[in-house]
Every structure is written in C-alpha cells, then in structure tokens.
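In: the following block contains a protein sequence and its predicted model.
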Amino acid sequence: MDSPGKQFKALMHAPEILIQPGIYDGYSARLIERAGFRSASISGAGVSESRMGWVDRGVMTFEENLSNARRLADCTEGLLLRADADTGYGNAMNVHFVVRAFEKAGMAALMFEDQVWPKRCGHMAGKTCIPADEMVQKVKAAVDARRDPEFVIVSRTDAAGPHGVDEAIRRLNLYAEAGADIMYADALLSKEDIAKVARSVPRPLIVNMGLGLRSRSTTPLMSPGQLQAVGVGGVSYPRLLSTAALKGMMNALSVFQQEVVRDDRVVDRPDLLVSFDELNELMGMEQLDELERRFTGG
C-alpha cells in the first residue's frame, strides 16, 4: 500500500476537491472516519481549546500537539491526517525535528505557517508575519528532514490580512520553489481573492471555510463545488465539530441546570445525549471484545 503521504498527495492532485473536516479528539476522529471521509485536518485551535482550555494564541506546546496527533493516528485506520505544527516551534533547525516527530507519529501531511510566534488563529486580528526568507528556510528544512519523500509539507501564509493578497501569492510561490508540496492561504477576504490565489500558485491550494465565524469579517463561505470550480484543491472545516460539540454541551448543561438542579426532577433527554450503546460502538468496543476473545479466551 502507498504511504499516507503519497495517498494524500494523490487526493490533492485529483480533479475532485479534497474535503478535510477538522478533528481534535477521539470522538471527532472516529466520527469522521465512520462517515467515510478519506482525510481530516487536525485543528490546532480545536486541540488548544479542548485540551488546554485556552484560545488559539500559542499556548499549546510542541509536545502537547504531537502527543495528541499520535493518539489520533492510533485510534483511526487509514484516515489520512494533516497535522498543524503552527510556526514550527522555533527556527529552521527546530523545524527539522518537528517534521521527523510528526512523520513518525503517523501523519500524512504537516502544515507550517509564516506567522510570528506566539501565533494567533488565522481569523483573529493582530497577526504579524515573519520575513518570507525566514519561512523559506523553514520550508527547506522541512523538506530535507522527511524520511519518506512523499510525506507532504504544507506551507501556509497568513499574509493576506496584514499585507494583501499579492504578498500572499508572492510568498506561496517562494515556498513552492523551496519545495513545499501544498499551498495554504488562510483568511482570504473575498471569493475573487480565493480564485486569484488558486490560479497564481504552482501547487494545489487548500483554503479554510470558517463555519461558526459569522460575526467576523473573514473568508466568505463557498461550497466545495464552487471552490473546485475556481481551482482550489482542498478545503478544510477546522471548527465544524469543535463548535458543534461545545454547543451541544451548552444545550445539555442548560437543560440539566433548569430541570435537574433547579426543579429537582429526574430527567432523561435522549434528544440531547447519545446512548451508552452508541457511545461504546463508536469508541471501539467491538474491536476490544475481539482482542479479548482472541488472546484471553474471554
């Protein structure tokens, strides 16, 4: 079987756009795999918010990010994962070791961005970018570090907001020349800018659709078909499941506080909760039962 990187690269070069929902924990990873998606992006924001309890502002460390990615690879079978390595946790030398670690952890692709550390979520105000030449050296280090030449290096620029779309295009072309396999332009501000970037870079382009960001002036929402029509190769939905999960918990907690805590009632709301059997089925009970039967006779 082809390596994860080679499979991911083939999907990104295919005529049909590659849809990459964002995952961040075992629940989200198993749901996306069960739904039949070929690939998923590990949302750095989702990991920081759910595991650290802090907004995506560079609080999460390299080791925390890596260990979470490794666990997600371990609980899925064949789901091609793209990890988010933020800015690479240092300079080009650090990037070398970051690539080695994430590749060993079972990722198909790894993304770096050209923000100044500590970074900010791409849709936050106040972003600043490092010099393009510094990012070029990080890309070269990433390409040189991979053991499998098919392991995919994704170079992301956040320059469109602070410097304009033309600077974002200039940077992506430099990163492609340095050896990056896939381009990623974050927080593009118009449909026209998305189309312009897609036709102006020499590698497949991923863009981010920020569902749940309606109150902010960010990338306009487009369907996968619309994105494919203007030349985009992949689309990521990093906040789809994390914000849905949080909304579900808020709804359940509100009912619990009102009906159980305040009204002192015995209430069961299957409309708000998955069943115990459904949860166990999703989280691998059948596989564990089979292992137990095979090796312990249980």
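Out: Nice, thanks for sending it over. Residues are numbered from 1 along each chain as shown.

In: buried residues in the longest helix anywhere in the chain?
Out: Of all the segments assigned as helix in the chain under DSSP state H, the longest by residue count is helix 240-255. Along helix 240-255, these residues count as buried under the neighbour rule (16 or more other Cβ atoms under 10 Å): 240-243, 245. C-beta here means a position set from N, CA and C on the backbone, and glycine is covered the same way.

In: end to end on stretch 40-49, go ahead and measure it.
Out: Between the opening and closing residues of stretch 40-49 we find a distance of 18 Å, counting by Cα to Cα, to the nearest Å.

In: ok now it, how far from the chain's centre?
Out: 6 Å (Cα atoms, centre = their mean, to the nearest Å).

In: neighbouring contacts of it?
Out: Contact partners of stretch 40-49, identified using Cβ atoms under 8 Å, 6 or more residues apart in numbering, comprise 20-25, 28-29, 32-33, 54-57, 59-60, 64-65, 68-69, 72, 79-84, 86, 121, 236, 238-239, 241-242.

In: now the helices for the stretch 1-150 of the chain?
Out: 4-13, 26-34, 44-47, 62-74, 92-104, 132-145 (DSSP state H, counting those that start in this stretch).

In: where do the domain boundaries of this structure fall?
Out: Per the record, the chain has its domains at 4-239, 246-296, by automatic domain parsing.

In: got any ranges where the protein has weak pLDDT?
Out: Residues of the chain that meet the criterion pLDDT under 70 lie in 212-217, 298.

In: run through who's touching the next helix or strand after the longest helix of the chain.
Out: Moving toward the C-terminus from helix 240-255, the first helix or strand encountered (DSSP states H and E) is helix 276-282. The contact list for helix 276-282 (Cβ under 8 Å, 6+ apart) reads 27, 30-31, 34, 274.

In: among the residues you listed, name the buried ones.
Out: 27, 30-31.

In: report the distance from the one helix or strand D166 maps to to the chain centre.
Out: Assigning secondary structure by DSSP H and E places D166 in helix 165-177. Averaged C-alpha coordinates place helix 165-177 at 21 Å from its chain's average position (Cα atoms, centre = their mean).

In: that helix - contacts with which helices or strands?
Out: Taking 3 or more Cβ pairs under 8 Å, 6 or more residues apart in numbering; DSSP states H and E as contact, the helices and strands that helix 165-177 lies on are helix 132-145, strand 152-157, strand 182-185, helix 191-200.

In: adding mean neighbour count, write those out as a markdown table.
Out: Formatted as a markdown table, the helices and strands packed on helix 165-177 follow (neighbours: other Cβ atoms under 10 Å):
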| stretch | mean neighbour count |
| --- | --- |
| helix 132-145 | 20 |
| strand 152-157 | 28 |
| strand 182-185 | 28 |
| helix 191-200 | 18 |
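
In: including distance to V230, could those go into CSV?
Out: Putting those into CSV (distance: least, Cβ to Cβ, whole Å) gives the following:
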stretch, distance to V230
helix 132-145, 25
strand 152-157, 18
strand 182-185, 13
helix 191-200, 4
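
In: tell me which of the domains of the chain sits most buried.
Out: Most buried of the domains of the chain by mean neighbour count (mean count of other Cβ atoms under 10 Å) is domain 4-239; its value is a mean of 20.

In: end to end on that domain, go ahead and measure it.
Out: From the first residue to the last, domain 4-239 extends over 24 Å; the measure is Cα to Cα.

In: just how off-centre is it within its chain?
Out: The answer for domain 4-239 is 6 Å, by Cα atoms, centre = their mean.

In: do stretch 234-248 as well
Out: The offset between the C-alpha centroid of stretch 234-248 and the centroid of the whole chain comes to 10 Å, using Cα atoms, centre = their mean.

In: what do you get for stretch 263-280?
Out: The gap between the average C-alpha position of stretch 263-280 and the chain average comes to 30 Å, counting by Cα atoms, centre = their mean.
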